[in-house]
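**Student:** compute the structure for the input listed below.
(one chain, ligands or ions: 2)
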Amino acid sequence: MNLVVIGAQWGDEGKGKIVDYLAREADIVVRYSGGANAGHTVVTDDTTYKLHLVPSGIIYPDKIVVLGIGMVIDPEALFNELNMLEKMDVRWKGRVLISDRAHITLPQYKKIDMEMDAKRKRPIGTTGRGIGVTYAMKAQRDGVRVVDVLDRSLLKELNHEDSSFISGYIDRISEMTIDTSSYLFKNMQKNILFEGAQGVLLDPDLGTYPYVSSGYSSAAGASQGSGIGPKSIDRIIGVCKAYSTRVGNGPFPTEFKKERDGQLEEKIREKGREYGVTTGRPRRCGYLDMVALRYACRTNCIDSLALTHLDVYDEMDELKACVAYEYQGKKVEEFPASLEVLNKATPVLITFKGWKTAIGSCRSFDELPRKARKYIEFIEEFTGTPVDIISVGYERKQTILRREMWIKY
Ligand code: IMP
Ligand code: MG
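**Tutor:** Numbers count the residues shown, from 1 in each chain. Ligands and ions are numbered 1, 2, ... in the order given. You can find the predicted model right below:
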């Protein structure tokens, strides 16, 4: 049995927590896309872990984690993270497998990434981790794969700086590298969890291009980026917040506006701790965009939604969510490709009554206040997708599971 967990918005939906929660029953956790641009937070009873490259399953002592084909790996960032985990008493040796087909981020790529963004007429607000440059090199067939440096065939073609950088890691990487596609195929009868990075609206094909990342953040990416066929995916879980956030630039139709919403952005940012895990940037915040969420459900065949950060709305008298956009006097009901429409459209908002109760200790759907249940039921109806997981706080136990995820229905 396998599960794919993706972000259904612009990233930072709480995938780290949901993956950690579901990984309890997994044998293998696979990252299939992105690199050190991601920031996944996992909170256990007494410790907070902030992960970038290593799949969130690493926190459990017995799981195997895989850095798949579709990833771009900066060896320096990887070993810094593994050393950090070691210091936090997470023993990782023998449990981290790297795909021989994954691409490597060279030191100069990070510099080029920042320089390119600074020169753009429309800067994207990249995390500066060299991700876009690594994927661009891959697409133009000038990339460096893990296998190419391990057998040293490509080393002599690199400049001195790059080749000495890589040489320092070859022995350590070599011990961890295998053909991960074949490994996953042989272990298909086990429980495998595919951990997405970023979110559907940051996917280069499905997202708000060019204000997107460069790796695939779709469910389809799980297949392509780990070398398993699309038919072998059993269940797709889309994680979304009760509101929306985005880091970096780009259209955000439901973003809170001072004139309309007063201090709401500051309030939500503080309560929801909305600061980037990778760059520390304050996240832009806005209403839940159900048009975008329905689009994410449709384009990814999401079976179940995991709704997170619902408790952030605990103190609100009322909350709003977007059910359509208005552009030049016309109603827009599908998530548009046009930046012009996305930038100028105003959200059509509907209002829900707030529940004004702390929900952090609720452990079942029925324990949630009726007004919170109403909000959830509206999301389900609007997107045509059941909300099977609800997160009411950072801790593992603050999770409501409405339907078992590791069962084929
Ligand atoms: P890049 O992936 O570093 O090139 O960044 C491209 C865009 O995606 C920027 O707007 C980033 O802020 C955004 N981005 C990249 N990774 C994440 C993530 O993990 N969470 C949220 N936004 C991200
Ligand atoms: Mg994040």
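**Student:** Arg373: neighbouring residues, count only.
**Tutor:** By the criterion of other Cβ atoms under 10 Å, Arg373 has 15 neighbours. The way it works is simple: take the backbone N, C-alpha and C, and place the C-beta from them, glycine included.
**Student:** got the contact list for it?
**Tutor:** Phe365 (Cβ atoms under 8 Å, 6 or more residues apart in numbering).
**Student:** now name the helix or strand holding it.
**Tutor:** Per DSSP states H and E: Arg373 is located in helix 370-383.
**Student:** okay, the angle between the helix or strand that that helix is followed by and helix 370-383?
**Tutor:** Sequence-wise, the next helix or strand downstream of helix 370-383 (DSSP H and E) is strand 387-391. Angle, strand 387-391 to helix 370-383, by axes from the mean of the first three to the mean of the last three Cα atoms, to 10 degrees: 140 degrees.
**Student:** show me what the helix or strand following strand 387-391 is packed against.
**Tutor:** Proceeding N to C from strand 387-391, the next assigned helix or strand is strand 399-401, under DSSP H and E. If you count contacts as 3 or more Cβ pairs under 8 Å, 6 or more residues apart in numbering; DSSP states H and E, strand 399-401 packs onto strand 387-391.
**Student:** in the strand it packs on, what's buried?
**Tutor:** Val387, Asp388, Ile389, Ile390, Ser391 (16 or more other Cβ atoms under 10 Å).
**Student:** stretch 115-126 too?
**Tutor:** Asp117, Ile124, Gly125, Thr126.
**Student:** now do stretch 333-347
**Tutor:** For stretch 333-347, a neighbour-count test (16+ other Cβ under 10 Å) marks Phe335, Pro336, Val341, Leu342, Ala345, Pro347 as buried.
**Student:** what average pLDDT does that stretch get?
**Tutor:** For stretch 333-347, mean pLDDT is 98.
**Student:** got the contact list for the residue in the stretch 301-409 of the chain that ligand 2 sits nearest to?
**Tutor:** At 11.7 Å from ligand 2, Thr308 is the closest residue in the stretch 301-409 of the chain, using Cβ to the ion. By Cβ under 8 Å, 6+ apart, the residues touching Thr308 are Glu13, Gly14, Lys17, Ile18, Val239, Cys240, Lys241, Ala242, Ile390, Ser391.
**Student:** recalculate using a threshold of 7 Å.
**Tutor:** Glu13, Gly14, Lys17, Val239, Lys241, Ser391 (Cβ atoms under 7 Å, 6 or more residues apart in numbering).
**Student:** Ser226 too?
**Tutor:** Val30, Tyr32, Gly68, Ile69, Gly70, Thr180, Ser181, Leu184, Phe194.
**Student:** what do you get for Glu340?
**Tutor:** Applying Cβ under 7 Å, 6+ apart, no residues contact Glu340.
**Student:** do you know the pLDDT at the residue of the stretch 251-400 of the chain found nearest ligand 2?
**Tutor:** Proximity to ligand 2, evaluated over the stretch 251-400 of the chain using Cβ to the ion, is greatest for Val277 at 4.9 Å. Confidence at Val277, expressed as pLDDT, is 92.
**Student:** repeat that for Asp314.
**Tutor:** 98.
**Student:** also the one 3 residues further on?
**Tutor:** Confidence at Asp317, expressed as pLDDT, is 97.
**Student:** that one and Lys356: what is the separation?
**Tutor:** Look at Asp317 and Lys356: by Cβ to Cβ, to the nearest Å, they are 7 Å apart.
**Student:** compare those two (neighbour count), which wins?
**Tutor:** Neighbour totals were compared for Asp317 and Lys356, and Lys356 leads with 13 against 7 (other Cβ under 10 Å).
**Student:** not counting its neighbours along the chain, what's nearest the more buried one?
**Tutor:** Glu315 (6.8 Å; Cβ to Cβ, 6 or more residues apart in numbering).
**Student:** ok but that neighbour is inside a helix, no?
**Tutor:** No: residue state for Glu315 (DSSP: H, G, I helix; E, B strand; the rest coil) corresponds to coil; a helix is not indicated.
**Student:** for the residue in the stretch 151-300 of the chain that ligand 1 sits nearest to, which non-adjacent residue is closest in space?
**Tutor:** Ligand 1 sits closest to Gly248 of the stretch 151-300 of the chain, with a gap of 2.1 Å, by Cβ to the nearest ligand atom. Residue nearest to Gly248 in three dimensions, not counting chain neighbours: Gly125, with 3.0 Å by Cβ to Cβ, 6+ apart.
**Student:** name the element the one you found belongs to?
**Tutor:** With DSSP H and E as the test, Gly125 turns up in no helix or strand.
**Student:** thought Phe252 was touching it, still the case?
**Tutor:** No: using Cβ atoms under 7 Å, Gly125 is not in contact with Phe252; the gap is 11.8 Å.
**Student:** the lengthiest strand in the chain - contacts with which helices or strands?
**Tutor:** For the chain, the strand with the greatest residue count under DSSP state E is strand 318-327. Judged by 3 or more Cβ pairs under 7 Å, 6 or more residues apart in numbering; DSSP states H and E, the packing partners of strand 318-327 are strand 288-289, helix 290-300, strand 330-332, strand 346-353.
**Student:** which residues are contacting the first one?
**Tutor:** If you take Cβ under 7 Å, 6+ apart as the criterion, strand 288-289 is touched by Ala242, Tyr243, Ser244, Pro253, Thr254, Ala321, Cys322.
**Student:** make it 6 Å
**Tutor:** Strand 288-289 has contacts (Cβ atoms under 6 Å, 6 or more residues apart in numbering) with Tyr243, Ser244, Thr254, Ala321, Cys322.
**Student:** swap in the third one?
**Tutor:** The set of residues external to strand 330-332 that reach it, using Cβ under 6 Å, 6+ apart, is Ala324, Tyr325.
**Student:** from the chain's centre, how far out does the helix or strand just after it sit?
**Tutor:** Note on strand 330-332: by DSSP H and E, the next helix or strand toward the C-terminus is helix 339-344. Offset of helix 339-344 from its chain centre (Cα atoms, centre = their mean, to the nearest Å): 24 Å.
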